[in-house]
Each structure stands twice: as structure tokens, then as C-alpha cells.
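In: just a sequence and a predicted model for now, questions to come.
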Amino acid sequence: MDGESKYKGEALGLPEDGPGSLPTWLRRSGAFFADIFMAAGVAAIFTFPEPPRNWSLLVWFMVAIFAVLFFSFTPGQALFGLRVQRVDRAAPVGLWRSVLRAFLVSLLIPAAIWDRDGRGLHDRLTGTAIVRTR
């Protein structure tokens, strides 16, 4: 073998398809936008009749940190059948990974730079991967 993986996620020890495999960028993007709209809706409830402005980002950031810390997925990821897991061992994502990951995703650029497995720079830097649950 020439060192190239046969499929995305093989080098990480993940299955080619089904639960535990890496999702498509479309599925990950759908989950991200679902989280953004959910955060905007929650922020709008608390700031009504004024627009939520930067409160949407704060709500998204807090949900992204604590949902991944406690459940390994955000509401949007749950909706799209995804979760965050560590790639080095079977263990919870943890606080520092959740905070750093949310910060990097909020910058957008790290999430848009992918490796050959389709993992964003934010996942590479935190030692995590988004995987399918179904």
C-alpha cells in the first residue's frame, strides 16, 4: 500500500460507511446552520422586540461548548445524526477541547480548511472528529 487511505476516515480507524464513519460536508454544514438558526431564535426570544445582534453568537458559543462537553453533540448535530468524538482514544471530548473547538468554528476559516479525511482544521487541532450516529 502506498500510504494513501482507501476512504475518508480509514487512517483514523473509522468505518467507511454507517455509524462511526465521517459524514459529508453537506451534512456537517446542515448541522452548523441548524445550530446557528436555533441560537438566533433563542436569542431573539430574549431580546424581543429588538433584534438579537451579537447575542446570537453568544448563545451559539455557549451551546456549542456545553452541549459537546456534556452530550458530545449540539442540537443541530443531533438533528443531522452526528456527534463529536476524540480520535486518540474513547473518552469524553472534555472542556478544553470543547472551548477551543467552538472558538475555532466561530472563526469559520479553520472549519473551512479540510484535510484528506474531510476533517476541518478545528477538529485536527483538538484531536476530534465529527462522526455519524446513524
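Out: Good, I have the coordinates. Residues are numbered from 1 along each chain as shown.
In: element containing residue 101, please.
Out: Assigned by DSSP states H and E, residue 101 falls within helix 95-106.
In: also residue 90?
Out: Judged by DSSP H and E, residue 90 forms part of no helix or strand.
In: count of neighbours near it?
Out: By the criterion of other C-beta atoms under 10 Å, residue 90 has 6 neighbours. C-beta here means a position set from N, CA and C on the backbone, and glycine is covered the same way.
In: name the residues of the least confident helix or strand in the chain by mean pLDDT that are buried.
Out: None of the helices or strands of the chain scores lower by mean pLDDT, DSSP states H and E than helix 109-112, at a mean of 88. Burial within helix 109-112, assessed by neighbour count using 16 or more other C-beta atoms under 10 Å, is assigned to 110-111.
In: packing partners of the very next helix or strand once past it?
Out: Downstream of helix 109-112, the first helix or strand assigned by DSSP H and E is helix 121-126. Secondary-structure packing of helix 121-126 (3 or more C-beta pairs under 8 Å, 6 or more residues apart in numbering; DSSP states H and E): helix 95-106, helix 109-112.
In: worst average pLDDT in the ones you listed?
Out: Within the helices and strands packed on helix 121-126, confidence is poorest for helix 109-112, with a mean of 88 (mean pLDDT).
In: still on that earlier bit, most tightly packed of the helices and strands packed on helix 121-126?
Out: Compared across those, helix 95-106 shows the largest average neighbour count, a mean of 18 (mean count of other C-beta atoms under 10 Å).
In: which helices and strands does that helix pack with?
Out: Helices and strands touching helix 95-106, by 3+ C-beta pairs under 8 Å, 6+ apart, are helix 55-71, helix 109-112, helix 121-126.
In: what's the angle between the very next helix or strand once past the last one and helix 95-106?
Out: Next along the chain after helix 121-126, taking DSSP H and E as the criterion, comes strand 128-132. Between strand 128-132 and helix 95-106, the angle comes out at 80 degrees (axes from the mean of the first three to the mean of the last three C-alpha atoms, to 10 degrees).
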